[in-house]
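**Student:** quick one, fold the following:
(chains A and B)
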Amino acid sequence: MSETTKVRLTRWAVILAAIAALELLPRIGFGDAITLIPLSEIVPELFELLIGGELTEHLLATGGAFFLSFLLAAITGVPLGYLLWRYSLIKRTLDPYLTTYYAIPIFAFYPLLLAILGFNIWPIVAISWAWAVVAVVLNTSIGFGEVPRVLVRVGQSMNLSRWQILTKIFLPAAAPYVFTGLKLGMVYSLIGVIASEFVLSTRGLGYLVSYSYSNFQTAAMYSAMFLILALAIFLNWALNSIERRLYSHG
Amino acid sequence: MQVEIKDLKKVFSGQGNEEVEALAGIDLSITEGEFVSIVGPSGCGKSTLMEIVGGLTEPTGGEVLIDGEPINGPHPAVGLVFQQESAFPWRSVLGNVEFGLEMHGTPKEERRQRSRDLIELVGLQGFEDRYPEELSGGMRQRVAIARTLVMNPQVLLMDEPFGALDEQTRLILGDELLRIWSQSRATALFITHSIEEAVLLSDRVIVMSARPGSVKKVVPVDLERPRDSSVFGTPEFGRITGEIWEVLREESMKALKGQV
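**Tutor:** Alright, predicted model coming up:
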């Protein structure tokens, strides 16, 4: 058996073991019947909720907030990362804030944002954007800094304009780092949305988990959790395949 | 095209008031179609000289004339090949070679044709759609050379283009460079730390002094052209390399002492 096959089989084994554990642990009486129920009771509930359209609203709310915050993080983060690299004064000024940024539990400010922006989608978008954008900024800035000088020299020796050097040399050369930033930003964005929905919201998958838990609707709670998991896996897969398409060689 | 370097000086300002004199007045005239190599001890300012002639760095004093005109930034008829890895990893071999033409708006048909011709000239046919990471170091450097040559430079500046390669690959690429250059007949300025490579390629070899760099000696190479690395065994080749080494050894010792 080749190593690749072994790795693949082990991966599937992990998933199967997890499914088996989810099914068997509640049946042998592990945990109480309110918090842990067998998988075979969750899955039908999930499909029922999906088909019945009860999840659609929540899925759209979460998806919409995520999409907006991630898009904004990408649109603002890449240019900000460029500025941070381009003007060392900005970098030197902001460095202590940026390096300690992720040490701040930004969700503590959620009620404040609610008060400022109102009880709608925008506080969620704002907090998720803020949570995601710094990862994009930092990685973009590192990426620009890592572009080998000789590649820029090639462009200069060919008399390229500044714009051509930026778009045809710096951007593609920094792209792998920018992509790392976008992938992190995507994860942070999703975490931001789900966590905000948990705290204070009336819609969304995060809210659904929290609400179902408080109301002893265990099957619905797990259904929402599975959807969150599926959403995260799907988004990661989508971004990875875009990245692969961009560098589809080697 | 003719290249004249007149009393070229370069002083780098370091930290504080510290100043480093890299070039102390270089005078050098290269006639049209001539192949001139520069050898010198490490840190003698060879690369700085090339950057200035390439229009990428401003000199502190003196000037560079191309066909009698002083340069002001990169000259369109001058092509550069660098020592460091410079093939764009995100472009295929063809994409790399046609880069300059594409940036300057050459129509697709024409730039494809010219690029394919150049790829064939440097012996990379069949690798057009490969990416740099799939190629050996020697092949990547050929890509960089083709990317420069496709622009039809009248003056070719090369800064240790084979410096990162092993000895055998260097010799083979040296032979190929001679073949390619004999077709283009561009004026060539070649920087190297290998005496053999310099003698093999050049009409004249310039030996530079230890820092601050100046021209220490000019050694003409009267080996017959067309030539290739088979000249290595000839007594004439031995005599010329010996003559260069005599001067270079002295300068290299100075450079080493300066570092200690």
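**Student:** ok, and what's touching the longest helix anywhere in chain B?
**Tutor:** Taking DSSP state H as the criterion, chain B has its longest helix at helix B:235-259. Helix B:235-259 has contacts (Cβ atoms under 8 Å, 6 or more residues apart in numbering or on different chains) with B:39-44, B:195-196, B:198-199, B:205, B:207-211, B:216-217, B:219, B:221-223, B:231. Placement of C-beta: from N, CA and C, glycine included.
**Student:** spatially central residue in chain A, please.
**Tutor:** Nearest residue to the geometric centre of chain A (Cα atoms, centre = their mean): A:Val187, 1.8 Å.
**Student:** can you pull up the most central residue in chain B?
**Tutor:** For chain B, by Cα atoms, centre = their mean, the most central residue is B:Met158; offset 1.6 Å.
**Student:** partner strands of the helix or strand where that one lies and their direction?
**Tutor:** B:Met158 is located in strand B:155-159, with elements delineated by DSSP states H and E. Using DSSP bridges, strand B:155-159 pairs in its sheet with strand B:78-81 (parallel), strand B:187-191 (parallel).
**Student:** want to throw those strands into TSV with mean pLDDT, distance to A:Leu89 and mean neighbour count?
**Tutor:** Listed next are these as TSV, based on pLDDT from 0 to 100; distance: least, Cβ to Cβ, whole Å; neighbours: other Cβ atoms under 10 Å in any protein chain shown:
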stretch	mean pLDDT	distance to A:Leu89	mean neighbour count
strand B:78-81	94	32	26
strand B:187-191	95	36	25
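**Student:** measure stretch B:88-106 end to end?
**Tutor:** End-to-end distance for stretch B:88-106: 19 Å, by Cα to Cα, to the nearest Å.
**Student:** just give me how far it sits from the chain centre.
**Tutor:** The chain centre lies 21 Å from the centre of stretch B:88-106; the measure is Cα atoms, centre = their mean, to the nearest Å.
**Student:** and it, what's buried?
**Tutor:** Within stretch B:88-106, the residues that count as buried by 16 or more other Cβ atoms under 10 Å in any protein chain shown are B:88-103, B:106.
**Student:** just confirm yes or no for it near chain A.
**Tutor:** Yes - remark: stretch B:88-106 sits within contact range of chain A at B:Phe88, B:Pro89, B:Trp90, B:Arg91, B:Ser92, B:Phe99, B:Gly100, B:Met103, B:His104, by Cβ under 8 Å from any Cβ of the partner chain.
**Student:** just checking, next helix/strand downstream of the lengthiest helix in chain A?
**Tutor:** With secondary structure taken from DSSP H, chain A has its longest helix at helix A:56-86. Using DSSP H and E, the helix or strand that follows helix A:56-86 in sequence is helix A:88-100.
**Student:** coming back round to it: which of the residues of stretch B:88-106 next to chain A sit farthest apart?
**Tutor:** Distance extremes for those: the farthest pair is B:Pro89 and B:His104 at 22.0 Å, using Cβ to Cβ.
**Student:** quick one: contacts for the residue nearest to A:Ala195 when sequence neighbours are not counted?
**Tutor:** Spatially, and ignoring its direct neighbours in sequence, A:Ala195 is nearest to A:Phe107 (5.7 Å; Cβ to Cβ, 6 or more residues apart in numbering or on different chains). Residues in contact with A:Phe107, defined by Cβ under 8 Å, 6+ apart, are A:Ile127, A:Ala195, A:Ser196, A:Val199.
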